[in-house]
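Participant: Return a 3D structure for these sequence lines:
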Amino acid sequence: MNKIPVKIRVVRATPALFKALEKKKLIRTLAPSKKLLRTRTEDGTVDGYCRSKASSGPHVLMGVAKRTTKINLSYHDGSEEIILTNFSSNKYKPLYLIMGLSKAGIISKKIRNGKLSGKDLVAVKLDFGDARFSAFSVLKDTVHWEATEPGKGLHPIFFVSEPAGLKMKYFRGIDKYEMSLANKR
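Facilitator: Numbering: from 1, shown residues only. Sure thing, here's the model as predicted:
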């Protein structure tokens, strides 16, 4: 094996360094795009950050601006990763991850039988400032939905990494339930 006699200098990660690397199109930080920050639609918007080639294993990373206050439970047949980061130090309105405490098959049966109750769901108030809970996987067939609170303030923005083509699946009959967040903390 040939050795290359090169000493590589060590530098600290700084905002200036990362900005220079981005300018050279070597990296992209997970910072909100103008599209995410400026959206005014009722639900919010999604902005693609990167998509791998199918030959590499199709994968997508996207930013999500969440403006909806309505809960519309869904699930996927694959897992996805949620990444909460706030490089810009923006002050976001709260972001809630509403989750079923059972997998989609059980929740679907409860909906069909008119038996879905508040005991079947939990709303987790996500914290952008706590590294322990800033990145996690939502596993396949986990019932979930993201929502925020009504009113003034900047809507929360987060990132999702998932297989390209992952579809959202919705429940039939869910429209007969009125869902709202209780005792927000």
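Participant: how many neighbours does residue 156 have?
Facilitator: 25 (other CB atoms under 10 Å). Yep, even glycine has a C-beta here, placed from its N, CA and C like the rest.
Participant: wait, what's in contact with it?
Facilitator: Residues near residue 156 by CB atoms under 8 Å, 6 or more residues apart in numbering: 65, 66, 92, 93, 94, 95, 126, 128, 148.
Participant: what about the closest residue to residue 100 other than its chain neighbours, which SS state?
Facilitator: The shortest distance from residue 100 to any non-neighbouring residue, by CB to CB, 6 or more residues apart in numbering, is to residue 143 (2.9 Å). Secondary structure, DSSP: H, G, I helix; E, B strand; the rest coil: residue 143 is strand.
Participant: give me every residue that touches residue 143.
Facilitator: Residues near residue 143 by CB under 8 Å, 6+ apart: 73, 74, 75, 99, 100, 102, 103, 104, 107, 121.
Participant: go again using 10 Å as the cut-off
Facilitator: Taking CB atoms under 10 Å, 6 or more residues apart in numbering, we find residue 143 in contact with 73-75, 98-108, 111, 120-121, 169, 171.
Participant: what's the lowest-pLDDT member of the contacts of residue 156?
Facilitator: Note: of the contacts of residue 156, the lowest pLDDT belongs to residue 128, at 85.
Participant: Tell me the spacing between that one and residue 157.
Facilitator: Residue 128 sits 9 Å away from residue 157 when distances are taken as CB to CB, to the nearest Å.
Participant: if you count what's nearby, which of the two comes out ahead?
Facilitator: Of the pair residue 128 and residue 157, residue 157 is the one with more neighbours under other CB under 10 Å, namely 27 against 18.
Participant: if we can go back for a sec, just the contacts of residue 156 now: which is nearest residue 81?
Facilitator: Minimum distance to residue 81 across these is 13.5 Å, recorded for residue 126 (CB to CB).
Participant: Now for the closest residue to the closest one other than its chain neighbours, how many residues are close by?
Facilitator: Leaving aside its sequence neighbours, residue 126 sits nearest to residue 95 (CB to CB, 6+ apart; 4.7 Å). The local packing of residue 95 (other CB under 10 Å) involves 22 other residues.
Participant: partner residues bridging residue 95?
Facilitator: Taking DSSP bridges as the rule, residue 95 bridges to residue 126, residue 148.
Participant: cool, and the one 5 residues further on?
Facilitator: As for beta bridges, residue 100 partners with residue 121 under DSSP bridges.
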